[in-house]
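Novice: what's the 3D shape of this:
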Amino acid sequence: MLLYIHGFNSSNQSDKALQTANYIKQHYPNLSFHQPQVPTSIHEAMALLTRITEQAKANGEPLRFIGSSLGGYFASFLAEKYGGRAVLVNPAVKPYELFEQFIGPQYNPYTNEHYQVLPEDREAVAQYDSKVICHPDRFLVLLQTGDEVLDYRQALHKYHCCELHLEPNGDHSFVGYEQQLDKICRFLQLP
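Specialist: Purely as a prediction, here's the structure:
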C-alpha cells in the first residue's frame with residue numbers, strides 16, 4: 001500500500017499528487033495506491049488516513065507513505081505509529097506554531113472549498129506530533145532551501161538522523177519533484 005498525503009490547502013489533484021499517481025500507474029500498476037482528498041478538519045483528516053492505514057495493515061500489506069508539507073507531518077506520525085516507510089517532501093515540523101496566521105476563513109483553490117480554521121485546530125494538529133523520530137531508517141526527507149512557506153532547517157534538525165536529500169534553492173512545491181520519483185520508489189521498496 002502506498003498512501004499519498006497532500007498538504008494544507010492543497011489537493012489530491014495538485015501537481016505532485018498527479019505526478020506521483022501517473023508514475024505509480026505506469027511503473028507499479030498493481031500497487032494498492034491511495035490518493036485521498038484530505039478533509040480540512042484535522043480530526044476528520046486523521047480519521048481517514050488512519051482508516052486507510054489500518055485497513056492495509058490488517059490486510060498484511062506493507063505500509064508506505066509520501067507526504068508533502070502538512071501531509072509530511074501526518075505521514076511521519078503514521079509511519080512512527082504503524083510502521084512502514086515514508087518519504088517526506090518539504091514536511092511541516094511544527095504546524096501548530098503556524099496556525100495563528102491561518103485562523104479564520106480559508107479558501108482551497110483546488111477544491112473551490114470555503115472553510116474555517118478554528119483556534120482549537122491548533123491543539124488538534126499538535127496531538128499528531130511525533131516529537132522524536134524513533135525509527136530514522138523509515139524516513140527519506142526531501143528538502144529545498146528555497147522553501148518560502150516552511151523553514152527547511154526545522155526539518156533538517158528533526159530528521160537529521162534520517163536519510164536526507166537537501167537541494168539549494170527550489171521552493172515549497174519542491175522544484176523537480178518528478179525527477180525524484182525513481183529514488184522515492186526505491187526507498188519505499190516498491191515491488
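
Novice: where does the residue nearest the centre of the chain fall, secondary structure wise?
Specialist: Closest to where the C-alpha atoms of the chain average out (CA atoms, centre = their mean) is Gly67, at 1.7 Å. Assigned by DSSP states H and E, Gly67 belongs to strand 64-68.

Novice: counting by contacts, list what that strand packs against.
Specialist: When contacts are defined as 3 or more CB pairs under 8 Å, 6 or more residues apart in numbering; DSSP states H and E, strand 64-68 packs onto strand 2-5, helix 70-82, strand 85-89. All C-beta spots, glycine's among them, are computed from the backbone N, C-alpha and C.

Novice: how close does Phe132 sit to Leu49?
Specialist: Just so we're on the same page, residue 132 is Val rather than Phe. 21 Å (CB to CB, to the nearest Å).

Novice: which one's more surrounded, the two?
Specialist: Set side by side, Val132 and Leu49 show more neighbours around Leu49, with 24 against 8, by other CB atoms under 10 Å.

Novice: what about Tyr107, how many neighbours?
Specialist: Neighbour tally, Tyr107, other CB under 10 Å: 10.

Novice: and for Ser173?
Specialist: Counted with other CB under 10 Å, residues neighbouring Ser173 total 20.

Novice: and it, its phi and psi?
Specialist: Backbone torsions of Ser173, given as degrees, to the nearest 10, read phi -70, psi -10.
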